[in-house]
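Enquirer: Next come a sequence and a model predicted from it.
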Amino acid sequence: MSNLENTILVDLARKLFRGCTNFHIEPDSVKLMTWSWQELFVDLTLRSPVIKKYPISTELSRIFLKKLINCIEPVQEVHDNLYAELCRAMNNSAIEDYCYRHYVISNDLNNIITMKETKNMVVNGTTGMRTWEAALMLSDWILCNKELFSSKDVLELGSGIGFTGITLAKFCEPKSVTMTDCHEDVLQVLCENVDINFPSQCKNRSSDGTTYELDNVSRVDVKMLDWNEITDLPNKRPDVILGADIVYDPSILKPLCNVLKIFCDRKNDVNIYIASIIRNELTFESFLQVLETYNFHCEKLMQPTNAHIEWDHTHINRCLLKIMRK
Ligand SMILES: C[S@@+](CC[C@H](N)C(=O)[O-])C[C@H]1O[C@@H](n2cnc3c(N)ncnc32)[C@H](O)[C@@H]1O
């Protein structure tokens, strides 16, 4: 297979793994999607061990395959396996509350983070049951700056189902990662995602949360942390605090900054990184003002675009902040 054919395959496979149906194929590329290319595509994606074990949404794979077949049909003979996979997806009409998405890291189809998540924005009153673009953006930046996290104790606030913390634990050799959220159901799915991505860990459950011993270096904790309940904060002194898409509700800006302040009081030189999708300029401005009143200094960081992880950098207003004590 030529380099170009391989690039087209990986690019498209990455989208299918993630359940992304928003793709465009150039006519010149379709000419390269030969019979053997199509066969390999199906083998490496829908028939791969990871998708067999953790299936992607049948609805999304149906949309994806229809679109792909429509592109190929006028130019090439369509492989039986593509039709077979489309039929399989069409025959499965079960309503899916959850599905799996697979995020390819650094264009390597063997380097995947698998997440159990929903396609919905809000489930059971929480936004935490899916991976948001800010988590991908922050994780992409983290993978470009691994040295900032190596051998560090890292705390993540509002982890949701855990993409950022899992990426960090998997690729950056931190001393520990503590992933937190305020919602019981979210914490449960977060634990399932840690189980999926670290299959051979040693796990301990207690009333205080779940602890995973990954190897001699890294340890992962999953804990309840509600920014409105500051009497009950984990007994930690993190070196780094992370948060993705946690600045969206005006009523939690002060509680959130309170939590940041408490951890900075415990350890003055904590580095805080918060990635935001700015849906409402006023809310984001208020956050900057509240940070100011808490005596924090902010720096806007440059973000890489799709250096290691694919995320939508074209349509969204976003900001990655580094926050420190003044
Ligand atoms: C938009 S989601 C972002 C999830 C994840 N960080 C991501 O980017 O995919 C916001 C998360 O903040 C959590 N959250 C909201 N209010 C919170 C609070 N008061 N204390 C702790 N977590 C909270 C929600 O449960 C949810 O998981």
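Expert: Received it, and whenever you're ready, just let me know what you need. Numbering: from 1, shown residues only.
Enquirer: Are we agreed that residue 113 is in a helix?
Expert: No. Residue 113: not assigned to a helix; according to DSSP: H, G, I helix; E, B strand; the rest coil it is strand.
Enquirer: How about it, nearest residue that isn't a chain neighbour?
Expert: residue 103 (4.7 Å; Cβ to Cβ, 6 or more residues apart in numbering). The way it works is simple: take the backbone N, C-alpha and C, and place the C-beta from them, glycine included.
Enquirer: how does the chain divide into domains?
Expert: For the chain, automatic domain parsing gives the domain ranges 3-108, 131-325.
Enquirer: give me the element residue 243 is part of.
Expert: strand 240-244 (DSSP states H and E).
Enquirer: pLDDT of the helix or strand that comes right after that strand, averaged?
Expert: Going down the chain from strand 240-244, the next helix or strand is helix 253-266, by DSSP H and E. Helix 253-266 carries an average pLDDT of 96.
Enquirer: what do you get for stretch 235-246?
Expert: Mean predicted confidence for stretch 235-246 is 96.
Enquirer: For residue 34, list the residues it contacts.
Expert: residue 76 (Cβ atoms under 8 Å, 6 or more residues apart in numbering).
Enquirer: Now do the strands for this protein: every range, in order, please.
Expert: 99-105, 108-117, 153-157, 176-181, 202-206, 209-213, 219-224, 240-244, 271-277, 296-300, 318-325 (DSSP state E).
Enquirer: roughly how far is the last one from the heart of the chain?
Expert: Pointing back at strand 318-325 there. In terms of Cα atoms, centre = their mean, to the nearest Å, the centre of strand 318-325 is found 19 Å from the chain centre.
Enquirer: Give me the sheet partners of that strand and which way each runs.
Expert: strand 271-277 (antiparallel), strand 296-300 (antiparallel) (DSSP bridges).
Enquirer: and what of the second one?
Expert: Sheet partners assigned to strand 108-117 using DSSP bridges are listed as strand 99-105 (antiparallel).
Enquirer: Let me see the backbone angles for the closest residue to residue 106 other than its chain neighbours.
Expert: Using Cβ to Cβ, 6+ apart and skipping the chain neighbours, the partner closest in space to residue 106 is residue 308 (4.8 Å). Torsion angles at residue 308 (phi, psi; degrees, to the nearest 10) stand at phi -130, psi -20.
Enquirer: quick one: residue 308 and residue 235, what's the gap?
Expert: 33 Å (Cβ to Cβ, to the nearest Å).
Enquirer: of the two, who's got more company?
Expert: residue 308 (21 against 6; other Cβ atoms under 10 Å).
Enquirer: And the pLDDT at the more buried one?
Expert: So, for residue 308, pLDDT stands at 94.
Enquirer: isn't it right next to residue 141, touching?
Expert: No. Contact criterion Cβ atoms under 8 Å: residue 308 and residue 141 do not qualify, at 9.2 Å.
Enquirer: Now do the spatially most central residue of the chain against residue 113, distance only.
Expert: In the chain, the C-alpha nearest the mean C-alpha coordinate belongs to residue 163, at 3.5 Å (Cα atoms, centre = their mean). Relative to residue 113, residue 163 is positioned 7 Å away (Cβ to Cβ).
Enquirer: Mutual contacts of those two, please.
Expert: residue 103.
Enquirer: which one of the strands of the chain lies closest to the ligand?
Expert: Among the strands of the chain, strand 240-244 comes nearest to the ligand, with 3.6 Å by Cβ to the nearest ligand atom.
Enquirer: what's the angle from that closest one to strand 318-325?
Expert: 150 degrees (axes from the mean of the first three to the mean of the last three Cα atoms, to 10 degrees).
Enquirer: thinking again about what came up before, tabulate the strands of the chain (JSON lines), appending mean neighbour count and distance to residue 15.
Expert: Shown next, in JSON lines, are the strands of the chain (neighbours: other Cβ atoms under 10 Å; distance: least, Cβ to Cβ, whole Å):
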{"stretch": "strand 99-105", "mean neighbour count": "21", "distance to residue 15": "9"}
{"stretch": "strand 108-117", "mean neighbour count": "18", "distance to residue 15": "12"}
{"stretch": "strand 153-157", "mean neighbour count": "25", "distance to residue 15": "27"}
{"stretch": "strand 176-181", "mean neighbour count": "26", "distance to residue 15": "27"}
{"stretch": "strand 202-206", "mean neighbour count": "11", "distance to residue 15": "33"}
{"stretch": "strand 209-213", "mean neighbour count": "17", "distance to residue 15": "30"}
{"stretch": "strand 219-224", "mean neighbour count": "21", "distance to residue 15": "29"}
{"stretch": "strand 240-244", "mean neighbour count": "25", "distance to residue 15": "21"}
{"stretch": "strand 271-277", "mean neighbour count": "22", "distance to residue 15": "20"}
{"stretch": "strand 296-300", "mean neighbour count": "13", "distance to residue 15": "30"}
{"stretch": "strand 318-325", "mean neighbour count": "18", "distance to residue 15": "21"}
